[in-house]
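Engineer: Curious how this folds, go ahead:
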Amino acid sequence: MNKNNLTLSLIVIFLFFAVSITALFFMKAILWVLFQWGAKFAVPVALALGILYLASFYFVKSLKGLTLPKSTFAWIWTLGFIEILILGVLYHLTPQFFPSIVGDFFFN
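Structural biologist: Numbers count the residues shown, from 1 in each chain. Alright, predicted model coming up:
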């Protein structure tokens with residue numbers, strides 16, 4: 001693997017972790033608002049954070065220093081969204097399989 005491929009791989013991994021962590025904190029914020037003030041406030045917060053999540057895709061894609069293909073960016077953001085869907089399914093449908101470390105993060 002040459003230096004250029006390694007650099008691109010590290011950028012992709014860094015972006016994936018940044019997007020995943022951002023998505024998790026957005027989900028935690030939505031849950032916090034839901035538990036504090038109810039669904040009447042949580043739905044607009046979820047919509048606003050969803051729009052911010054999508055806007056961050058276009059912002060990062062527009063940065064001149066990142067020369068990754070558009071499909072790579074799309075996959076990173078899609079995987080971050082799928083991560084949230086999987087956690088939501090585990091929590092709501094099969095809570096016995098919900099990872100305890102993630103539960104501690106969301107509910108403490």
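Engineer: Please name the nearest non-neighbouring residue to L34.
Structural biologist: A42 (3.8 Å; C-beta to C-beta, 6 or more residues apart in numbering). For every residue, glycine as well, the C-beta is placed using N, CA and C.
Engineer: Just to check, that neighbour is in contact with F26?
Structural biologist: No - in this structure, A42 is not within contact of F26 by C-beta atoms under 8 Å, at 11.8 Å.
Engineer: which residues sit in contact with F26?
Structural biologist: Under the criterion of C-beta atoms under 8 Å, 6 or more residues apart in numbering, the neighbours of F26 are L49, G50, L52, Y53.
Engineer: now the residue nearest to the spatial centre of the chain, nearest residue through space, not along the chain?
Structural biologist: Centroid-nearest residue in the chain: A23, 2.5 Å away (criterion: C-alpha atoms, centre = their mean). The spatially closest residue to A23, leaving aside those adjacent along the chain, is G80, at 4.5 Å (C-beta to C-beta, 6+ apart).
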